[in-house]
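S.K.: I would like the atomic coordinates for the input below:
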Amino acid sequence: MEVQIFVPSKNAMQSGRGKVGDWVIEFEPAARPDPDPLMGWNGSTDTRGQVRLQFDTKEEAIAHAERNGWTYTVQNPKERRIRPKAYADNFAVGRTQPWTH
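M.R.: Residues are numbered from 1 along each chain as shown. Below you'll find the model as predicted:
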């Protein structure tokens, strides 16, 4: 059984960075979803796709996967790059584009 271990990205509706550092284990899909003939909704017999396990650290998630005999792949999170900005840069003399409203 294959699983992915990763840190999910921040929701677009959030402005803060709280509760972002949790590591998650998700199972790889075993069967593709098929449309239901009556309603047309996509469904699958694979219920593991609905399971998400959360851990505080990457080591805990890896240990849990190894304890259960799962093969795993770890996706390390990208480094957050902060670009400093200042309001005064809008009126700088060496600005490449003219300032407009």
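S.K.: Only C-alpha atoms from now on, for both contacts and neighbour counts.
M.R.: Fine.
S.K.: my guess is residue 36 meets residue 44, correct?
M.R.: No. Counting by C-alpha atoms under 8 Å, residue 44 is not a contact partner of residue 36; they are 9.1 Å apart.
S.K.: Same drill for those two, tell me which one is more crowded.
M.R.: Neighbours of residue 36 and residue 44, each counted by other C-alpha atoms under 10 Å, are more numerous for residue 44; the result is 14 against 11.
S.K.: how about the helices in the chain?
M.R.: Applying DSSP state H to the chain gives helices spanning 58-67.
S.K.: tell me the strands in it, going along the chain?
M.R.: 2-6, 23-27, 34-35, 42-43, 52-55, 71-75 (DSSP state E).
S.K.: what's the most buried one of these?
M.R.: Across the strands of the chain, the average number of neighbours (mean count of other C-alpha atoms under 10 Å) peaks for strand 23-27, which reaches a mean of 20.
S.K.: and that strand, how far out from the chain's middle?
M.R.: In terms of C-alpha atoms, centre = their mean, to the nearest Å, the centre of strand 23-27 is found 10 Å from the chain centre.
S.K.: List of residues touching it?
M.R.: 1-8, 48-49, 51-58, 61 (C-alpha atoms under 8 Å, 6 or more residues apart in numbering).
S.K.: Also stretch 62-78?
M.R.: With C-alpha under 8 Å, 6+ apart, stretch 62-78 has contacts from 1-7.
S.K.: got those residues as TSV, with pLDDT columns?
M.R.: Shown next, in TSV, are the contacts of stretch 62-78 (pLDDT from 0 to 100):
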residue	pLDDT
1	84
2	92
3	95
4	95
5	96
6	94
7	92
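S.K.: Residue ranges in the chain under the pLDDT threshold?
M.R.: Applying pLDDT under 70 to the chain flags residues 19, 99-101.
S.K.: how does it look with 90?
M.R.: Counting by pLDDT under 90, the chain contains low-confidence ranges at 1, 8-22, 29-34, 36-38, 40, 42-50, 77-101.
S.K.: State the distance from residue 58 to residue 29.
M.R.: 22 Å (C-alpha to C-alpha, to the nearest Å).
S.K.: out of the two, which sits in the more crowded spot?
M.R.: Set residue 58 next to residue 29 and count neighbours by other C-alpha under 10 Å: residue 58 wins out with 20 against 16.
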